[in-house]
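1. the sequence isn't on hand, but the structure is:
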Ligand code: ADP
Ligand code: MG
């Protein structure tokens, strides 16, 4: 195994069997994400991108093959360990924000910390710091409905960062945004990647977003069909293995 890999998938297979239909969503995917790398997964609707992210992050179990994250096999962890691991080491960003509509921006961002039993005061401070980091500290008191799409996605990114994760999974994070806002969001992710050594795996339909990453991984019909290296990953010196 590559010593600098943060995520390594080996021949992973995922089949959905709902009784009436059987869908081979992943048919043997091999993929390595280096520590400090920012990569894009592209491919047509239904080719298995979301399934792949869910399997890599341990939200979903694979039927065959293995996922190794930071040297630990997800399959060897108990459900509880996997859940804890996700809460402590991973961040998630989705297309439709998944923000609680009745909570303000800062309350949404601090929620994962409160759930992880961080005290109210330090949680609030960390949430405000994260909002500052993504450039919307001035919107801390607004509910999601009072924010633009780009601002909402920044709140989601701030929330994904509060637990200081090693990797952030993003499923179509710019799918609901216009091209200008999409570019701002990918630029923000790049800044976090460079400044904090955060690894990103971003599912996107937008080639303009894909081109801003280090590598485009193309999927078709449940397999990786092509990989295109665009940049050398911005690995922080201190993070290099
Ligand atoms: P993508 O994100 O690339 O659009 P998905 O990973 O969502 O693709 O889906 C891959 C395939 O698996 C599709 O054919 C989809 O219909 C199917 N699929 C996804 N989730 C489920 C599920 N929970 N039950 C059954 N089939 C599913
Ligand atoms: Mg999807």
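-> Cool, got the structure. No experiment lies behind these values; they were computed from the predicted model shown. Numbers count the residues shown, from 1 in each chain. Ligands and ions are numbered 1, 2, ... in the order given.
2. which residues touch the nearest residue to residue 233 once chain neighbours are set aside?
-> Residue nearest to residue 233 in three dimensions, not counting chain neighbours: residue 37, with 4.0 Å by C-beta to C-beta, 6 or more residues apart in numbering. C-betas here are computed from N, CA, C, even on glycine. Taking C-beta atoms under 8 Å, 6 or more residues apart in numbering, we find residue 37 in contact with 6, 199-200, 214-215, 233, 235.
3. among these, which are in strands?
-> 6, 199-200, 215 (DSSP state E).
4. which of the residues you listed sit farthest apart?
-> The most widely separated members of the ones in strands among the contacts of residue 37, counting by C-beta to C-beta, are 6 and 215 (13.5 Å).
5. out of the two, which sits in the more crowded spot?
-> Neighbours per residue (other C-beta atoms under 10 Å) separate residue 6 from residue 215, with residue 6 holding more: 23 against 19.
6. residue contacts, that one?
-> 33-37, 69-70, 166-167, 199.
7. who in the chain is up against ligand 2?
-> 49-50 (C-beta under 5 Å from the ion).
8. hmm, 6 Å instead?
-> 49-50, 171 (C-beta under 6 Å from the ion).
9. which one of those residues is nearest ligand 2?
-> Minimum distance to ligand 2 across the residues of the chain next to ligand 2 is 3.2 Å, recorded for residue 50 (C-beta to the ion).
10. other SSEs contacting whichever helix in the chain runs longest?
-> Identified as the longest helix of the chain according to DSSP state H is helix 179-196. Contacts defined by 3 or more C-beta pairs under 8 Å, 6 or more residues apart in numbering; DSSP states H and E place helix 179-196 against strand 38-42, helix 149-161, strand 167-171, strand 199-203, helix 207-210.
11. return the set of buried residues in it.
-> 181-186, 188-190, 192-193, 196 (16 or more other C-beta atoms under 10 Å).
12. same check, this time on stretch 35-45
-> Within stretch 35-45, judged by 16+ other C-beta under 10 Å, the buried ones are 35-43.
13. what helix or strand is residue 109 on?
-> helix 105-115 (DSSP states H and E).
14. C-terminal to that helix, what's the next element?
-> Past helix 105-115, the next helix or strand by DSSP H and E is helix 120-133.
15. no further queries at this time; thank you.
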